[in-house]
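Novice: Fold the following and give me the result.
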Amino acid sequence: MITYRPVTRQVRLVLATRNAHKAGEIARLLDGSGVSCVGLDAFPEMHEVVEDRDTLEGNAAKKAVETARVCRAWALADDTGLEVAALLGAPGVFSARWAGPGCTDADNRDKLVRELAGVAPRDRAARFRTVLALSSPDGRVRTAEGRLDGSIAEAPRGRGGFGYDPLFALPDGRTLAELAPEEKNALSHRGLALRAILPDLRALGAATSGERA
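Specialist: Below is the predicted model of the structure:
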């Protein structure tokens, strides 16, 4: 069973995020992969990676490589974007900071509601994209992608999730924030990306188990 704990000699995977919600979700999704993981809070020497690439793939790879090299361990990074058809794909790569420097999740949601004011339900199609990048300490990278289609609700609903989850509606009408964590993980963009990269993580777990034997 995967654990999310302070760094020890047994840790082989660093989650390249200081977002506690995201780290917890990834750790739960990695349950059973055979790899122990730790968040960036265990590495105070790790700098903030500037996300200056123009694609999700570029940002995820940059975060993973820089984290792996500084922490001297395998690193898993993600970049996730919300792409809204009526906004020509925005906020996309800028999703986390769409409302400006220092913005909160609530600020981003409020901006999205304003931008779509008056847009008919049939024109509020959107999708989440997550790109995961797994980097070795020497900078070798593998990536995987997950997508989830839905639409943008007119107002936030639900008390779970984080980010844009209270506004992202599934075809059955529920928002991601109205799902139990297990249900969200079973269908989410991040869950799909993790399942796609799981063979690489299992290979890593098997290799490190052999090192400890």
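
Novice: Do a quick rundown of the helices in the protein.
Specialist: Secondary structure of the chain by DSSP state H: the helices cover 20-29, 56-71, 105-115, 181-187, 189-212.

Novice: quick one, which of these is nearest to residue 134?
Specialist: helix 189-212 (5.6 Å; C-beta to C-beta). In short, each C-beta sits where N, CA and C put it, glycine included.

Novice: Would you mind writing the CA trace of stretch 123-142 as CSV?
Specialist: The C-alpha trace of stretch 123-142 is given here as CSV (Å, rounded to 0.1, in the frame of the first residue of the first chain):
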residue,chain,number,x,y,z
ASP,A,123,-22.8,26.2,-25.3
ARG,A,124,-21.0,25.5,-22.0
ALA,A,125,-19.1,22.4,-23.0
ALA,A,126,-15.7,21.9,-21.4
ARG,A,127,-13.1,19.4,-20.7
PHE,A,128,-10.4,18.8,-18.1
ARG,A,129,-7.0,17.6,-19.3
THR,A,130,-4.2,16.3,-17.0
VAL,A,131,-0.7,15.5,-18.2
LEU,A,132,1.5,13.6,-15.9
ALA,A,133,5.2,13.5,-16.2
LEU,A,134,7.5,10.9,-14.5
SER,A,135,11.1,11.9,-14.4
SER,A,136,14.2,9.9,-13.3
PRO,A,137,16.9,11.8,-11.3
ASP,A,138,18.9,12.2,-14.5
GLY,A,139,16.0,13.8,-16.4
ARG,A,140,14.5,10.9,-18.4
VAL,A,141,10.8,11.7,-18.8
ARG,A,142,7.7,9.7,-19.6
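
Novice: if we can go back for a sec, out of the helices of the chain, flag the one nearest residue 123.
Specialist: Closest approach to residue 123 among the helices of the chain (C-beta to C-beta): helix 105-115, 12.4 Å.

Novice: Next, the angle helix 20-29 makes with the closest one.
Specialist: Using axes from the mean of the first three to the mean of the last three C-alpha atoms, to 10 degrees, one finds that helix 105-115 and helix 20-29 are set 100 degrees apart in direction.

Novice: chain center to helix 105-115: distance?
Specialist: 19 Å (C-alpha atoms, centre = their mean, to the nearest Å).

Novice: What helices and strands are in contact with that helix?
Specialist: If you count contacts as 3 or more C-beta pairs under 8 Å, 6 or more residues apart in numbering; DSSP states H and E, helix 105-115 packs onto strand 74-84.

Novice: between the strand it packs on and helix 20-29, how many degrees?
Specialist: Using the same axes, to 10 degrees: strand 74-84 against helix 20-29 is 110 degrees.

Novice: Strand 74-84 - contacts with which helices or strands?
Specialist: Judged by 3+ C-beta pairs under 8 Å, 6+ apart, strand 74-84 is in contact with strand 13-15, helix 20-29, helix 56-71, strand 91-92, helix 105-115, strand 125-135, helix 189-212.
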